[in-house]
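Peer 1: here are the coordinates; sequence isn't available:
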């Protein structure tokens with residue numbers, strides 16, 4: 001594997017071999033992209049750890065140790081490969097809907113992975129404060145959090161967060177021309193001094209040395225970020241989904257170029273106003289995401305204005321395009337029911353509030369009709385923005401703008417009274433900070449809060465959970481198209497029949513819904529004899 005500029009430090013501890021490791025080594029030999037992000041291979045002769053897809057000469061089996069997390073490899077004294085770049089690997093989470101400790105660890109990892117939810121860095125004592133704030137957010141003691149986190153993953157929450165920040169910084173140093181100071185702050189470090197010390201201590205070279213080395217044989221930063229995924233991936237289906245729902249001016253899908261572009265706004269945390277103007281501290285800009293099918297990567301370019309928040313942009317784009325999905329685990333459950341849907345992903349959302357408004361507009365009407373209403377909303381209340389493309393020229397309205405909108409304004413756009421009330425109530429809840437719509441939000445609490453708003457029911461809440469909260473087990477049981485696909489529209493209680501049939505698909509019911517919608521009709525998905533149909 002690629003050697004760093006300084007000699008590697010011998011690892012302090014090594015993982016224990018298991019029978020599973022023999023299969024992992026076979027995946028390394030085949031450079032099987034299906035396992036990318038599921039484990040990392042550490043090489044004792046070099047002190048380096050790699051992704052399974054690393055293109056360099058395969059190390060000897062006796063020199064290999066395997067870790068599930070990059071943080072585990074780094075905790076054992078290994079450093080990331082400069083060629084395959086472990087920071088590019090898709091995330092790998094094992095979903096559980098029963099084990100309480102497992103669910104808590106999942107939630108903690110999701111919070112630690114999300115840059116917008118990283119605890120704000122402080123000049124002194126940020127370690128213990130970070131764990132304490134995370135534990136408070138999860139409703140447990142910091143001692144309990146550390147105990148179950150270390151028992152499940154073998155590293156502490158702080159070690160996991162430190163690795164996440166360092167790998168984020170490594171990606172920004174390698175792929176962009178951002179100043180080192182800006183990289184340090186964007187990656188969550190309190191100061192450049194702390195960043196340099198952590199980077200040198202973990203990787204054996206300072207940030208400037210990494211950038212001068214070009215990271216890999218002669219390559220220089222191009223301001224194009226690389227985001228990997230695991231195959232199979234039905235990219236045309238995903239882009240077609242976004243294209244059918246795009247608002248002109250805000251989004252632009254180019255299927256022939258396998259590209260999606262859009263304008264974005266990242267609001268300043270803890271602020272809100274009814275003016276609808278860009279707030280001090282807000283960041284606006286655009287991104288362009290192109291799928292490179294040969295390399296199984298998304299090539300992401302952004303406006304310079306988004307540089308200070310690039311880790312957040314990367315995280316949101318990954319969620320929007322569902323790049324961290326694990327097709328092997330999902331297909332193991334769903335393939336017998338949906339044999340033609342192995343490459344389908346659940347389309348996410350860059351902005352949770354925007355998607356929630358879209359969901360409300362789409363209640364009980366067609367996709368085309370909802371798109372027409374949304375287009376009018378953007379043209380009337382969205383702010384202009386300059387981009388390199390005339391087709392991208394507007395931002396989606398803020399929560400503050402829609403919270404202040406009156407009935408006449410929304411009514412003139414063709415939005416009926418019930419949906420007007422739902423949109424305004426939703427906007428006020430988000431603008432006040434009472435409702436958070438992002439991938440780290442508590443699913444049960446958020447869906448309950450959504451259903452408590454006027455004009456929002458279970459279908460809308462589950463749809464938002466599926467696309468915004470990134471909950472893989474969301475299930476809009478009342479969806480009419482779903483009833484038709486499952487063949488239960490004739491049942492006395494089709495929603496209950498659909499929910500009963502869906503139990504076999506847990507914890508991947510969100511993916512089952514997308515596959516059912518795509519298939520149109522499923523034969524034998526629901527048992528024909530059921531008391532519900534009588």
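Peer 2: Alright, I've got the coordinates. The model shown is predicted, which means the values in this text are computed figures rather than measured ones.

Peer 1: any idea how far the host helix or strand of residue 376 is from the chain center?
Peer 2: Assigned by DSSP states H and E, residue 376 belongs to helix 367-381. On the basis of CA atoms, centre = their mean, to the nearest Å, helix 367-381 sits 26 Å off its chain's mean C-alpha point.

Peer 1: what's downstream of it, the next helix or strand?
Peer 2: helix 399-403.

Peer 1: list the buried residues in that next one.
Peer 2: 399-403 (16 or more other CB atoms under 10 Å). Backbone N, C-alpha and C define where each C-beta goes, glycine included.

Peer 1: for it, packing partners?
Peer 2: helix 417-431 (3 or more CB pairs under 8 Å, 6 or more residues apart in numbering; DSSP states H and E).

Peer 1: okay, the angle between the helix it packs on and helix 367-381?
Peer 2: 60 degrees (axes from the mean of the first three to the mean of the last three CA atoms, to 10 degrees).

Peer 1: and helix 417-431, which residues are buried?
Peer 2: 419-431.

Peer 1: could you do stretch 337-348 as well?
Peer 2: 337-338, 341-348.

Peer 1: and residue 66, helix, strand or coil?
Peer 2: strand (DSSP: H, G, I helix; E, B strand; the rest coil).

Peer 1: contacts only, for it.
Peer 2: Applying CB atoms under 8 Å, 6 or more residues apart in numbering, we find residue 66 in contact with 15, 17, 20-21, 24-25, 39-42.

Peer 1: can you select the buried ones from these in ChimeraX?
Peer 2: Here is the ChimeraX selection string for the buried members of these, based on 16+ other CB under 10 Å:
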select :15,21,24,25,39,40,41,42
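
Peer 1: CSV for the contacts of residue 66, including secondary structure and pLDDT?
Peer 2: Converted to CSV, the contacts of residue 66 look like this (DSSP: H, G, I helix; E, B strand; the rest coil; pLDDT from 0 to 100):
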residue, secondary structure, pLDDT
15, coil, 43
17, coil, 58
20, helix, 87
21, helix, 91
24, helix, 95
25, helix, 96
39, strand, 95
40, strand, 97
41, strand, 97
42, strand, 97
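
Peer 1: where do the helices of the stretch 51-200 of the chain begin and end?
Peer 2: Along the stretch 51-200 of the chain, the segments classed as helices by DSSP state H, counting those that start in this stretch run 70-75, 100-113, 126-138, 142-153, 157-175, 180-186, 192-203.

Peer 1: looking at these, which is nearest to residue 319?
Peer 2: When the helices of the stretch 51-200 of the chain are compared by CB to CB, helix 100-113 sits nearest residue 319, at 10.1 Å.

Peer 1: what helices or strands is that closest one leaning on?
Peer 2: For helix 100-113, the packing partners by 3+ CB pairs under 8 Å, 6+ apart are helix 126-138, helix 142-153, helix 157-175.

Peer 1: which of those is buried the deepest?
Peer 2: helix 157-175 (a mean of 23; mean count of other CB atoms under 10 Å).

Peer 1: report the distance from that one to the chain centre.
Peer 2: Once both centres are worked out by CA atoms, centre = their mean, helix 157-175 turns out to sit 16 Å from its chain's centre.

Peer 1: all strands for the stretch 201-350 of the chain, in order.
Peer 2: For the stretch 201-350 of the chain, the strands defined by DSSP state E, counting those that start in this stretch occupy 225-228, 251-254, 259-266, 283-292, 297-302.

Peer 1: for residue 302, which residues are in contact?
Peer 2: 223, 225, 285-288, 310, 313.

Peer 1: before we move on, the earlier item: mind putting the buried residues of stretch 337-348 in a markdown table, distance to residue 487 included?
Peer 2: Shown next, in a markdown table, are the buried residues of stretch 337-348 (distance: CB to CB, whole Å):
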| residue | distance to residue 487 |
| --- | --- |
| 337 | 12 |
| 338 | 14 |
| 341 | 17 |
| 342 | 22 |
| 343 | 24 |
| 344 | 20 |
| 345 | 25 |
| 346 | 23 |
| 347 | 25 |
| 348 | 29 |
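
Peer 1: residue ranges with poor pLDDT in this structure?
Peer 2: 1-18, 93-100, 116-129, 212-222, 267-281, 520-534 (pLDDT under 70).

Peer 1: in contact with the residue most central in space within it, which residues?
Peer 2: Geometric centre of the chain, nearest residue: residue 319, 2.6 Å, by CA atoms, centre = their mean. Each residue near residue 319 by CB under 8 Å, 6+ apart is listed here: 348-349, 439, 470.

Peer 1: against residue 227, how distant is it?
Peer 2: 11 Å (CB to CB, to the nearest Å).

Peer 1: please apply the same query to residue 140.
Peer 2: 32 Å.

Peer 1: neighbour count for the two, which is higher?
Peer 2: residue 227 (21 against 16; other CB atoms under 10 Å).

Peer 1: isn't the more buried one up against residue 298?
Peer 2: Yes - between residue 227 and residue 298 there is a contact at 4.3 Å, judged by CB atoms under 8 Å.

Peer 1: overlap in contacts, those two.
Peer 2: Common neighbours of residue 227 and residue 298 (CB under 8 Å, 6+ apart) are 289, 317, 321, 323.

Peer 1: so which of those residues are in helices?
Peer 2: residue 317 (DSSP state H).

Peer 1: of the shared contacts of residue 227 and residue 298, which is the most crowded?
Peer 2: That'd be residue 321 among the shared contacts of residue 227 and residue 298, by other CB under 10 Å, with 25 neighbours.

Peer 1: how about it, nearest residue that isn't a chain neighbour?
Peer 2: residue 298 (6.4 Å; CB to CB, 6 or more residues apart in numbering).

Peer 1: separation between the one you found and residue 252?
Peer 2: Counting by CB to CB - residue 298 and residue 252 are separated by 16 Å.

Peer 1: what of residue 492?
Peer 2: Counting by CB to CB, the gap from residue 492 to residue 252 is 45 Å.

Peer 1: cool, residue 460 as well?
Peer 2: Taking CB to CB, one finds residue 460 at 27 Å from residue 252.

Peer 1: before we move on, the earlier item: export the helices and strands packed on helix 100-113 to TSV and tack on distance to residue 76?
Peer 2: As requested, the helices and strands packed on helix 100-113 are exported to TSV (distance: least, CB to CB, whole Å):
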stretch	distance to residue 76
helix 126-138	20
helix 142-153	13
helix 157-175	11
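
Peer 1: and stretch 409-421, how far apart are its ends?
Peer 2: Chord length of stretch 409-421, first to last residue, is 12 Å (CA to CA, to the nearest Å).

Peer 1: need the residues that contact that stretch.
Peer 2: 360-361, 363, 372-373, 376-377, 380-381, 407, 423-424, 454-455.

Peer 1: try stretch 446-460
Peer 2: 356, 359-360, 363, 418-419, 421-422, 425-426, 429, 434-437, 461-462, 464-465, 469, 476-479.

Peer 1: next one: stretch 235-242
Peer 2: 251, 253, 255, 258, 260, 291, 293, 321-322, 343-345, 347, 518.

Peer 1: let's see it at 7 Å
Peer 2: Contacts to stretch 235-242, defined as CB atoms under 7 Å, 6 or more residues apart in numbering, come from residues 251, 253, 255, 258, 260, 291, 293, 321, 344-345, 347, 518.

Peer 1: how far off centre is stretch 490-504?
Peer 2: The answer for stretch 490-504 is 30 Å, by CA atoms, centre = their mean.

Peer 1: what are the buried residues along it?
Peer 2: Buried-residue list, stretch 490-504, by 16+ other CB under 10 Å: 491, 494-495, 497-498, 500-502.

Peer 1: in helices only, show me these.
Peer 2: Counting by DSSP H, those contribute 494-495, 497-498, 500-502 to helices.

Peer 1: can you name the two of the residues you listed that sit furthest apart?
Peer 2: 494 and 502, at 12.2 Å, using CB to CB across these.

Peer 1: what helices and strands are in contact with the helix holding residue 376?
Peer 2: helix 235-245, helix 352-361 (3 or more CB pairs under 7 Å, 6 or more residues apart in numbering; DSSP states H and E).
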